[in-house]
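sequence isn't available, so here's the structure alone:
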């Protein structure tokens, strides 16, 4: 009997969980500030000099990289099962898994490349 | 002795692609799963922010310009509501995924979820304060 179960599931689930927790904590406020409040003029964003000081600090870079990378893996895991269950694409499970986790790996590499 | 492996065809009822549209709970489930798209979108946005900041003030000003287009504000409002749904469903589920025991006492679900909400609020307030003060 073929099942979708594979032996790496706990590994991917851990990345999914880390990304879910980090993004749940940090993304709403960051998206609100950068994507909604500042463009609408509700708040004035930091000056470029201050912003680049904070963002380019090694600890911030490390945190941002963790947030970005785990968020991608969170997406990969959820989106994978949404395609399986939501769209009934269980027969494509290998292709979907490769595309989702592969996308997350490529995204993390791009993030590492840009951030350093 | 040799066996011939027999692979029976399992009987399955064909399920329509949009099976989840029939009930609100199912739609909520699919929507919760799709919040991950907004999460990944923000990860891309954060990479773009980093790239512009590293390129210098002009590139950053250009990014701010494009972020203030009405279509982008609309997109980000939808994305914001989506990631908030992610946060709320995540914190509500956290007691199920994380059973905390102190000795023989199991920490009540409400306290675990409450702790998550408190951390969420503290982190959000701190970041907002740093952002506005900066």
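Yep, that arrived. The model shown is predicted, which means the values in this text are computed figures rather than measured ones.

any weak-confidence spans in chain A?
Residue ranges of chain A with pLDDT under 70: A:1-8.

those strands in chain B, which residues are they?
B:101-102, B:105-106 (DSSP state E).

report how many residues lie close to residue B:37.
Number of residues near residue B:37 (other CB atoms under 10 Å in any protein chain shown) recorded here: 14. Placement of C-beta: from N, CA and C, glycine included.

if we can go back for a sec, return the most buried member of the strands of chain B.
Sort the strands of chain B by mean neighbour count, taking mean count of other CB atoms under 10 Å in any protein chain shown, and strand B:105-106 sits at the top with a mean of 10.

can you list the strands that that strand pairs with?
Sheet pairing of strand B:105-106 (DSSP bridges) gives strand B:101-102 (antiparallel).

ok, and what's touching the partner strand?
residue B:107 (CB atoms under 8 Å, 6 or more residues apart in numbering or on different chains).

max-length helix in chain B?
Of all the segments assigned as helix in chain B under DSSP state H, the longest by residue count is helix B:24-55.

residues in contact with residue B:20?
If you count contacts by CB under 8 Å, 6+ apart, then residue B:20 has A:86, B:26, B:27, B:29, B:30 around it.

so what's the residue count around the last one?
Neighbours of residue B:30 under the rule other CB under 10 Å: 16.

that one: what's it in contact with?
Applying CB under 8 Å, 6+ apart, the residues contacting residue B:30 are A:82, A:86, B:20.

so the first one touches residue B:33, yeah?
Meaning residue A:82. Yes. Look at residue A:82 against residue B:33 with CB atoms under 8 Å: they come within range, at 4.2 Å.

one step back: which one of the strands of chain B has the lowest average pLDDT?
Of all those, mean pLDDT reaches its minimum on strand B:101-102 (a mean of 86).

how distant is that one from the center of its chain?
On the basis of CA atoms, centre = their mean, to the nearest Å, strand B:101-102 sits 28 Å off its chain's mean C-alpha point.

what residue lies at the spatial centre of the chain?
Going with chain A. Centroid check for chain A by CA atoms, centre = their mean gives residue A:71 as the closest residue, at 1.7 Å.

right idea, wrong chain: chain B
Centroid check for chain B by CA atoms, centre = their mean gives residue B:86 as the closest residue, at 4.1 Å.
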